[in-house]
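need a 3D model of the following:
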Amino acid sequence: MNNIAIALDGAWRVLLAGLLLGAGIPSLFAIAVNGLAMASGGEAAQGNPPKPVGKVIAVAVLLLILLLVVYGLAWLIFTSLGYKVGFSGILPTFTK
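Residues are numbered from 1 along each chain as shown. Coordinates of the predicted model:
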């Protein structure tokens, strides 16, 4: 019975990581594209005025996506070179 509990514990962690990284980042990109559409007036056929807050939202979300991609690449590259990657704060740390 203990093996089933261990397997289920690992399964929900994999499911959560898959949802966050697999569907979370594309969802953030969709929010950024929606912000850009808001910034340019949204539905132009209905004559909605442009909303500058949409551009701010889009830039913030795109910067977050860029940060996630850089962190992911840094983790991938440095772990393949034998480093241990730690996140103590905003910046990652690499130790041999």
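
point to the residue nearest the middle of the protein.
I25 (4.0 Å; CA atoms, centre = their mean).

list the contacts for that one?
I65, L68 (CB atoms under 8 Å, 6 or more residues apart in numbering). For the C-beta atoms, the positions are set from N, CA and C on the backbone; glycine is no exception.

try 10 Å
Neighbour list for I25: L64, I65, L68, V69, G72 [criterion: CB atoms under 10 Å, 6 or more residues apart in numbering].

do I77 as well
Here I77 is in contact with Y83, V85, F94 (criterion: CB under 10 Å, 6+ apart).

the first one and T95 touch, don't they?
Yes: with contact taken as CB atoms under 10 Å, Y83 and T95 are classed as touching, separated by 6.5 Å.

re earlier: find me the pLDDT at the residue nearest to the centre of the chain, would you?
On pLDDT, I25 comes in at 88.

before we move on, what about G86?
82.

before we move on, the earlier item: ok, Y83 and T95, which is more surrounded?
Y83 (16 against 8; other CB atoms under 10 Å).
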